[in-house]
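A.B. asks: model this:
(2 chains)
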Amino acid sequence: MRKAKILGLALLLGLAVLTFAACGQDRKPVLSVYNWGDYIDESIIAEFEKEFNIRVNYDTFSTNEDMYVKVKSGGGSYDLLFPSDYTIERMRKEGMLHKLDFNNIPNYQYIEEQFKNLDYDPQNEYSVPYMWGTVGIVYNKKMVTKPVTSWRILWDEDYAKQILMLDSQRDSIGITLKMLGYSMNTRNLQELAAAKEALIKQKPLVLAYVGDDVKDKMIAGEAALAVVWSGDAVYMMRENPDLAFAIPEEGSNLWFDAMVIPNTSKHKTEAEKFINFLCRTEIAYKNTDYIGYSTPHREAKKLLEPELLNEPAAYPSAEQLANCEIFLDLGDFLKEYDRIWTEVKAI
Amino acid sequence: MKNKWLTYPYLVWMLIFIFIPLLLVLFFSLTVRTPEGLAFSFENFQRFFEPIYLRVLLRSVYLALISTIICLVLGYPMAMILAGNNFKRKNVMVFLFVVPMWMNFLLRTYAWMTLLERQGLLNTFLSFLGLPPLNLLYTQEAVVLGMVYNFLPFMVLPIYSVLSKIDRQLIEAAADLGADQVTIFRRVIFPLSLPGVMSGITMVFMPAVTTFVISRLLGGGQFTLIGNLIEQQFLFVGDWHFGSAISMVMMVIILLSIGVLSRYDKEHEGGGLW
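C.D. replies: Now for the predicted structure:
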């Protein structure tokens, strides 16, 4: 059903683009937005277009890595990106980002203080937080009888060919490192080799390495366990009450996605308008309510239904977050992670 | 020679869109990024010849070969039926065969996913019959199925077009000389159809050996083929150098297989394909 919906939407979007193109050159400025797939309430884009008379070109990516590679190689010429912490750090260090003019983003004041000045952007000059969350295991209570408390359950042969892994290298290697008791940001080659070995050992048990399709699969009951980002878990549990979410005891990844403007952008003011628009309380609320991720927006959070607020998948307790780590940019050492993931997939 | 200038646009086209990009790929494959800039090196090729990547290469060739053989076994009789004289509504059949190709390739492959899933159509049918569900999707067999399904028309159509052009009188002559049906097929029809078979094999083998969509969708990222490896290096890792080296190796393999095929073709005097 969902696939059909997405297809329909894509067709409609395509048609819309065609009609626009057919209308000849209208003078509206065009804002190119590059966001994660399934990561916005799309009606918000239309609202923005209408209110500001700006046309939005909306495009999606599936991992930080493919977004980074595309922007770095000069593809797409985007005006607004939604990367995660470590990728923002990398882009900032490589001088790929514009400093934001916060006079154009007054709604920044609604962002909770604890989400400002984080390590990836210590002076908070380049980014405005969009959503945050964790990585955990979503599982089908009807198929999984053992308690889900450790990443090790993803290596349990009882669930062979019922496990879905994320096709995202930092996440998949990261949880393996956590399982082995190491840091997700390790630069120790021996620890990495151990993680690689574990991932290779796990491969025969894995049903598939997936991206956004994990949601359709888990909702349909195609697999028993899947590694997912917390907000997706909220969405899945809403659609299928048999599903539950757990952050394993060994700890996990705590992440923040934020909005940044690449310095190749020629529409910085328009992009800032869009950031400000997304931080408008009622818009931020609508968006959070729709996608299910956790908002850093103080006022929007107050509007959320208690059901979502009390959902530990969306707003985990300090205890659950105790062992969690934030990804750091690894600089040149990233090559090792690239290689491991390439080899795990290749074997 | 007064029309020679007509070829220049094509030459320019080929220069810009084929020759220069190829040179770029070659350039990238022979360089590595160092802190001081690009440096000439064979490192990328060296890396490719590590066992882990060779296994990917072998897997790609193996799966593509199996798909090609299945396509041939399924496609040849199909082409014969289509080309058969006694078959009415031949055009309708050919048309029906081509129609699915008008639909997007990706869409057709996605359709297979919903058929093969654990809660998919096939398994629903099995459980309706009281049989246990099968793990169909995300297997090597699913990848082969996807290849065969998508590339079968590329096998059937060239064979069909060669078969339908065979001079009927040759077959009649063979029959007059006392050959039975089997001998006619073995000694007359099949040898004459070889050019079609060869071009069918190339047209199936090449896309099958380089595909990355089918293996990703139906293989669930479990069966990395050479195409996936290239895709991963360019889109996710951003290592254009290694990606280019794999592409170069791939190109050499394709050239070699075309060379082998066309040689075989000439020996049988099937007519010049290349």
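A.B. asks: interface residues of chain B facing chain A?
C.D. replies: Within chain B, the positions adjacent to chain A are B:52-53, B:55-56, B:110, B:114, B:117-119, B:135, B:137-138, B:219-222, B:224, B:228-229, B:232-239 by C-beta under 8 Å from any C-beta of the partner chain. All C-beta spots, glycine's among them, are computed from the backbone N, C-alpha and C.
A.B. asks: Drop anything exposed from those residues.
C.D. replies: For the residues of chain B next to chain A, a neighbour count by 16 or more other C-beta atoms under 10 Å in any protein chain shown gives the buried set as B:53, B:56, B:110, B:117-118, B:137-138, B:219-222, B:224, B:228-229, B:232-239.
A.B. asks: give me the low-pLDDT residue ranges for the stretch 51-200 of chain B?
C.D. replies: Scanning the stretch 51-200 of chain B for pLDDT under 70 picks out the ranges B:85-87.
A.B. asks: which stretches of it form helices?
C.D. replies: B:51-83, B:90-102, B:105-116, B:121-128, B:140-163, B:168-176, B:181-183, B:190-210 (DSSP state H, counting those that start in this stretch).
A.B. asks: Next, the buried residues of the first one.
C.D. replies: Of the residues in helix B:51-83, those buried by neighbour count under the rule 16+ other C-beta under 10 Å are B:53, B:56-57, B:59-61, B:63-64, B:66-68, B:70-72, B:75-76, B:78-80, B:82-83.
A.B. asks: Give me the domain ranges for chain B.
C.D. replies: Following automatic domain parsing, one finds the domains of chain B at B:1-41, B:49-267.
A.B. asks: Run the chain-centre distance for the shortest one.
C.D. replies: Same thing as domain B:1-41. Relative to the centre of its chain, domain B:1-41 is centred 25 Å away, using C-alpha atoms, centre = their mean, to the nearest Å.
A.B. asks: mean confidence for it?
C.D. replies: Average pLDDT, domain B:1-41: 88.
A.B. asks: now do stretch A:313-332
C.D. replies: Mean predicted confidence for stretch A:313-332 is 90.
A.B. asks: I figured A:Phe61 hits A:Met67, correct?
C.D. replies: Yes: assessed by C-beta atoms under 8 Å, A:Phe61 is found in contact with A:Met67 at 4.1 Å.
A.B. asks: Number of residues surrounding B:Phe154?
C.D. replies: The local packing of B:Phe154 (other C-beta atoms under 10 Å in any protein chain shown) involves 21 other residues.
A.B. asks: Would you agree it is in contact with B:Thr202?
C.D. replies: No: here B:Phe154 does not reach B:Thr202: they are 9.0 Å apart, not a contact under C-beta under 8 Å.
A.B. asks: nearest residue to residue 235 other than its sequence neighbours?
C.D. replies: No chain in the question, so chain A it is. A:Gly292 (4.2 Å; C-beta to C-beta, 6 or more residues apart in numbering or on different chains).
A.B. asks: oops, I was thinking of chain B
C.D. replies: A:Asp66 (5.0 Å).
A.B. asks: Can you give me the pLDDT of that neighbour?
C.D. replies: Looking at A:Asp66, its pLDDT reads 90.
A.B. asks: Which secondary structure state does it sit in?
C.D. replies: Put simply, A:Asp66 is helix when judged by DSSP: H, G, I helix; E, B strand; the rest coil.
A.B. asks: Let me know the distance separating the nearest residue to B:Ile226 once chain neighbours are set aside from chain A.
C.D. replies: Excluding the flanking residues, the one nearest B:Ile226 by C-beta to C-beta, 6+ apart is B:Ser60, at 4.3 Å. Relative to chain A, B:Ser60 is positioned 11 Å away (C-beta to the nearest C-beta, to the nearest Å).
A.B. asks: what residues are up against B:Ser60?
C.D. replies: B:Ser60 makes contact with B:209-210, B:225-227, according to C-beta atoms under 8 Å, 6 or more residues apart in numbering or on different chains.
A.B. asks: Mind listing what's buried along stretch A:165-174?
C.D. replies: Within stretch A:165-174, the residues scored as buried using 16+ other C-beta under 10 Å are A:165-174.
A.B. asks: in the sheet, who's paired with whatever residue of chain A ends up closest to chain B?
C.D. replies: Using C-beta to the nearest C-beta, the closest approach of chain A to chain B is made by A:Ala208 at 2.6 Å. With beta bridges defined as DSSP bridges, A:Ala208 has these partners: A:Leu164.
A.B. asks: Quick one, which of the helices of the stretch 51-200 of chain B gets closest to A:Pro312.
C.D. replies: Within the helices of the stretch 51-200 of chain B, the stretch nearest A:Pro312 is helix B:105-116; the backing value is 32.3 Å (C-beta to C-beta).
A.B. asks: Quick one: work out the angle between that closest one and helix B:90-102.
C.D. replies: 90 degrees (axes from the mean of the first three to the mean of the last three C-alpha atoms, to 10 degrees).
A.B. asks: by contact count, what packs against helix B:105-116?
C.D. replies: Taking 3 or more C-beta pairs under 8 Å, 6 or more residues apart in numbering or on different chains; DSSP states H and E as contact, the helices and strands that helix B:105-116 lies on are helix B:121-128, helix B:140-163, helix B:213-219.
A.B. asks: Highest mean neighbour count across these, which stretch is it?
C.D. replies: Mean neighbours per residue, mean count of other C-beta atoms under 10 Å in any protein chain shown, is largest over these for helix B:213-219, with a mean of 24.
A.B. asks: quick one: contacts of it?
C.D. replies: A:208, B:63, B:105-106, B:109-110, B:112-113, B:116, B:137-140, B:142-143, B:145-147, B:150, B:223-225, B:227-228.
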